[in-house]
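In: here is my input, please return the structure:
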Amino acid sequence: ELEQMATRGGGAARALGWLIAVQFDLRAGAAPVEPDGAPSAAELAIPSTLSADAGFAARWVIDGEDNRGLPFAIVDKKGARLYVFAPTGRFVGESPVLLGSAVGDMSIAGVASRAPASLAPTERTTPAGRFESEPGHNARGEDIIWFDYDASLAIHRLRPSPASQRREERMNSPRSDGKRISFGCIVVPVAFYDAVVRPSLGRQRGVVYVLPETQPVAEMLLF
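Out: Numbers count the residues shown, from 1 in each chain. The predicted model follows:
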């Protein structure tokens with residue numbers, strides 16, 4: 001459950017103009033809107049249950065084809081939720097997640113060379129960025145979705161843990177701040193992993209967008 005900062009993806013040209021136009025609204029906390037006209041492909045595909053940040057990112061990905069025809073997922077750290085999409089942009093499903101215990105959008109220097117147990121609680125961040133994912137296995141042979149193999153950052157099932165961590169209880173809690181408990185990996189319920197994550201991201205490469213919590217999401221997508 002270690003991680004490192006990902007390279008942030010650039011946008012397609014046709015998505016760039018309206019991204020700049022809505023950046024001020026994002027800083028003010030307003031939900032982004034597209035220019036007047038017919039609904040985009042993204043608007044027709046995205047359910048209204050997505051958070052403002054996740055909906056904004058999904059529209060940007062689908063309209064700009066940033067996922068390059070691959071399945072993709074959006075992680076809203078503020079709401080502690082994962083949204084999964086098919087290569088076409090079709091919405092597949094969503095779930096609460098457990099995240100790194102520390103608030104922050106960057107990993108500490110040299111995190112890849114550190115043992116998980118050596119990380120202080122304030123160092124256990126889930127970094128923001130655009131990650132190219134791939135299916136794989138951990139040292140126990142469990143199938144997982146790697147973000148960055150070298151840094152051991154992955155999406156994986158909820159595993160047995162000490163009772164004091166109350167991970168299952170945290171997962172089911174409506175409080176997003178209670179879901180900060182991992183070393184940095186994104187942890188999902190077993191049933192959701194098997195029914196949604198594995199069929200989507202576990203059969204081929206994909207893209208995972210981890211949205212920031214300390215800056216506007218447009219800044220991550222633009223740069």
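In: now for the host helix or strand of Ile181, which elements pack on it?
Out: Using DSSP states H and E, the element containing Ile181 is strand 180-182. Where contact means 3 or more CB pairs under 8 Å, 6 or more residues apart in numbering; DSSP states H and E, strand 180-182 is packed against strand 99-100. Every C-beta, even on glycine, is put in place using the N, C-alpha and C of the backbone.
In: quick check: neighbours of the strand it packs on in the sheet, parallel or antiparallel?
Out: strand 180-182 (parallel) (DSSP bridges).
In: now do the partner strand: everything it contacts.
Out: 1, 80, 98-103, 124, 126, 165, 167, 170 (CB atoms under 8 Å, 6 or more residues apart in numbering).
In: which stretches of this protein aren't confidently modelled?
Out: 1-39, 41, 43-44, 109-110, 112-113, 115, 120-121, 223 (pLDDT under 70).
In: buried residues in the lengthiest strand in it?
Out: Longest strand of the chain, by residue count under DSSP state E: strand 129-137. Buried residues in strand 129-137, defined by neighbour count with 16 or more other CB atoms under 10 Å: 129-135.
In: after it, which helix or strand is next?
Out: Next element after strand 129-137 (DSSP H and E): strand 143-148.
In: and the next helix or strand after that next one, what does it pack onto?
Out: Of the helices and strands lying after strand 143-148 in sequence (DSSP H and E), the nearest is strand 153-157. Secondary-structure packing of strand 153-157 (3+ CB pairs under 8 Å, 6+ apart): strand 129-137, strand 143-148, strand 186-188.
In: any chance of these in CSV, plus distance to Val208?
Out: What follows is the helices and strands packed on strand 153-157, written out as CSV (distance: least, CB to CB, whole Å):
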stretch, distance to Val208
strand 129-137, 4
strand 143-148, 6
strand 186-188, 8
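In: who wins for proximity to Thr49 among these?
Out: strand 186-188 (16.9 Å; CB to CB).
In: please enumerate residues in contact with the closest one?
Out: So strand 186-188 is in contact with 75, 82, 95, 97-99, 126, 154-159, 167, 171, 197, 210, going by CB under 8 Å, 6+ apart.
In: of the residues you listed, just the buried ones, ChimeraX syntax please.
Out: Burial among the contacts of strand 186-188 is assessed by 16+ other CB under 10 Å; the matching ChimeraX selection reads:
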select :75,82,95,97,98,99,126,154,155,156,157,158,167,171,197,210
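In: center of this protein, which residue is that?
Out: Val75 (2.4 Å; CA atoms, centre = their mean).
In: any idea which element that residue lies in?
Out: If you go by DSSP H and E, Val75 is part of strand 72-76.
In: quick one: name whatever helix or strand follows that strand.
Out: strand 81-85.
In: which residues does the residue nearest to the centre of the chain bridge with?
Out: Leu82, Val210.
In: now do the same contact list for it.
Out: 81-83, 97, 99, 126, 186, 208-211.
In: could you rerun that using 10 Å?
Out: Shown in contact with Val75 (CB atoms under 10 Å, 6 or more residues apart in numbering): 54, 57, 81-83, 97, 99, 126, 128, 131, 147, 155, 186, 208-211.
In: with Ser200 instead?
Out: 71-73, 84-87, 92-93, 145, 206.
In: spatially nearest residue to it (excluding sequence neighbours)?
Out: Pro71 (4.6 Å; CB to CB, 6 or more residues apart in numbering).
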